[in-house]
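J.: Below: sequence and its predicted model.
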Amino acid sequence: MNAGLSHTPFKSEKSCPSVFWASGQDPYKNTRKVLTNINLSPSKNKRVLLKPNIGRNVEPKTGVTTHPQVVAAAIDAFLEAGAEVAVGESPITGVAMLEAFEKSGITDITKTRNCRLIDMDISPYVPVEIPDGVAIKSLKVCREVTEYDIIVSIPVMKTHMHTGVTLSVKNMKGCLWRRSKVDLHMLPEIPGQDERSLDIAIADMSSVIRPHLTIIDGTIGMEGLGPSAGKPKALNVVLAGVDAFATDSIACELMGFSAVGIPHLKIGTKRGYGVIDPDKIKVLPENWKDIRSPFDLPPDKLSIEFPGFVILDQQSCSACQSTLLMFLKRYGKQLRDSVPDDKDIIIAIGKGHKELPKGTLCIGNCTIKHKGRGKFVPGCPPVASEILNEYFSS
Ligand code: SF4
């Protein structure tokens, strides 16, 4: 396994890591500028894998996927340093990788640079043991992540309904092969642990697949109902750092959060995987707090965002959650208009429900054992139009 902060070839002060930032209207220039602070020469003659967040099939500038010009700048910087560069991703369940690369603008920028583009779900996975794992003891990791010399995590700055934020550490979940990503959402509670299994599992994952370098795209991020149904938020900043936890921590601060409140970052730092205390991170230029712009938090309960709906979410993965949010945004009013004002519409996603109220609309294969309680929409995930058809079927 090549990944792991202790093996990073880039210079970093472990107890007081540096994070660099640049802001302005041009994401390409911002990225090139931050990368001038990091000596990339150790990547000469090495194979570098850039891992943006292209997990969904959406247009650029929606705040859902990494801006293509940030990726373009990273490719150019590493090519100039003498590296062989590729861009790879493994998307969420139900998304076709090459279509997502095309729509996100990534295909175009790699073509013009003669840079390899990799659907990392195609090759067979490599099993990776997690000796210090608490929630998980092994992972199915995409082959390229184990074969390339240097892994660069390039997330887009977003809030996340399940994990608080999704930044560099969490972005590495897209290095897990095909549907094995979903497994992290389906873990049972661990007796004696205060934190949720998903957060512990992400920290476990970061013990073996921490990136060697992080570039965070805050050009257009996402606030509120992230990672896919929130509002785009333009911050026009790019951050870079060798310590993924430290870079995530400063991104959190810019978003108006403290990394201590993000469970997977808190657990990881306690285990010594990186630094999240802003007082122990050197941020350059020093006036970074001037560009802070608080992001709306993800709501605790989806029902708050959609009055008249009771949404029961137990151990769902991001794919079903995205489908449901898209469905409610598109068809929520139509559903509400079909029932009296004083009647709630109950919807369930995820595998962890012990019981569900009678009349629940059960969405996704994970809810199949409750299908007798109301209506059931199969699929993993189903698409929004299928949910609508099932809801109005007699
Ligand atoms: S049914 Fe939904 S929650 Fe379950 S694994 Fe599939 S997409 Fe995820």
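T.: Good, I have the coordinates. Numbers count the residues shown, from 1 in each chain.

J.: Now the least confident helix or strand in the chain by mean pLDDT: buried residues?
T.: Within the chain, confidence by mean pLDDT, DSSP states H and E is lowest for helix 302-305 among all helices and strands, at a mean of 79. Using 16 or more other C-beta atoms under 10 Å as the test for burial, helix 302-305 gives 302-303, 305. In short, each C-beta sits where N, CA and C put it, glycine included.

J.: Enumerate the residues of the stretch 151-300 of the chain near the ligand.
T.: residue 182 (C-beta under 6 Å from any ligand atom).

J.: Am I right that residue 63 is in contact with residue 166?
T.: No: using C-beta atoms under 8 Å, residue 63 makes no contact with residue 166, being 11.6 Å away.

J.: Quickly list what's touching both of these two.
T.: residue 158 (C-beta atoms under 8 Å, 6 or more residues apart in numbering).

J.: domain parsing for the protein?
T.: Per automatic domain parsing, the structural domains of the chain span 5-291, 302-392.

J.: most packed of these?
T.: Comparing the domains of the chain by mean neighbour count (mean count of other C-beta atoms under 10 Å), domain 5-291 ranks first with a mean of 21.

J.: still on that earlier bit, give me the contacts around the least confident helix or strand of the chain.
T.: Here helix 302-305 has contacts from 161, 225, 299, 309-311, 313, 324-325, using C-beta under 8 Å, 6+ apart.

J.: Return the alpha-carbon coordinates of the very next helix or strand once past that helix using CSV.
T.: Using DSSP states H and E, the helix or strand that directly follows helix 302-305 along the chain is strand 309-313. Extracted C-alpha coordinates of strand 309-313, given in CSV (Å, rounded to 0.1, in the frame of the first residue of the first chain):
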residue,chain,number,x,y,z
PHE,A,309,-42.9,14.8,5.5
VAL,A,310,-41.5,12.5,8.2
ILE,A,311,-38.3,11.1,6.9
LEU,A,312,-36.9,8.1,8.7
ASP,A,313,-33.3,7.5,7.7
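
J.: And the ligand, is strand 309-313 touching that?
T.: No: Strand 309-313 is not in contact with the ligand by C-beta under 6 Å from any ligand atom; minimum separation 9.1 Å.

J.: how far out from the middle of the chain is that strand?
T.: Centroid separation between strand 309-313 and its chain, computed with C-alpha atoms, centre = their mean, to the nearest Å, is 23 Å.

J.: what mean pLDDT does the longest helix that the chain contains have?
T.: Looking across the chain with DSSP state H, the single longest helix is helix 318-337. Across helix 318-337, the average pLDDT comes to 92.

J.: Who are the packing partners of whatever helix or strand comes next after it?
T.: Next helix or strand after helix 318-337 toward the C-terminus (DSSP H and E): strand 345-349. Strand 345-349 sits against strand 309-313, helix 318-337, strand 361-363, with contacts defined as 3 or more C-beta pairs under 8 Å, 6 or more residues apart in numbering; DSSP states H and E.

J.: List the contacts of the first one.
T.: Yep, that's strand 309-313 we're talking about. Contact partners of strand 309-313, identified using C-beta under 8 Å, 6+ apart, comprise 301-303, 321, 324, 328, 332, 335-336, 344-350, 353, 356, 360.

J.: Also near the ligand: which of those residues, exactly?
T.: Within the contacts of strand 309-313, those near the ligand by C-beta under 6 Å from any ligand atom are 349-350.

J.: May I have stretch 349-361 as CSV, with CA atoms only?
T.: Extracted in CSV, the C-alpha atoms of stretch 349-361 (Å, rounded to 0.1, in the frame of the first residue of the first chain):
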residue,chain,number,x,y,z
ILE,A,349,-34.6,4.9,3.6
GLY,A,350,-31.8,2.7,4.9
LYS,A,351,-31.3,-0.7,6.3
GLY,A,352,-31.4,0.0,10.0
HIS,A,353,-35.1,0.2,10.8
LYS,A,354,-36.4,-2.3,13.3
GLU,A,355,-40.1,-1.3,12.7
LEU,A,356,-41.8,1.2,10.5
PRO,A,357,-45.3,2.9,10.9
LYS,A,358,-48.1,1.6,8.8
GLY,A,359,-48.4,3.5,5.5
THR,A,360,-44.7,4.2,5.2
LEU,A,361,-43.3,4.7,1.7
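
J.: distance between that stretch and the chain's centre?
T.: 26 Å.

J.: and what of stretch 232-252?
T.: For stretch 232-252, the distance to the chain centre is 13 Å (C-alpha atoms, centre = their mean).

J.: Repeat that for stretch 189-207.
T.: A distance of 17 Å separates the C-alpha centroid of stretch 189-207 from that of its chain, computed with C-alpha atoms, centre = their mean.

J.: and that stretch, what's its mean pLDDT?
T.: If you average the pLDDT values across stretch 189-207, you get 94.

J.: picking that back up, so which of the buried residues of helix 302-305 is the closest to the ligand?
T.: Nearest to the ligand among the buried residues of helix 302-305, counting by C-beta to the nearest ligand atom, is residue 302 at 13.9 Å.

J.: Now for residue 292, how many residues are close by?
T.: For residue 292, the neighbour count with other C-beta atoms under 10 Å is 11.
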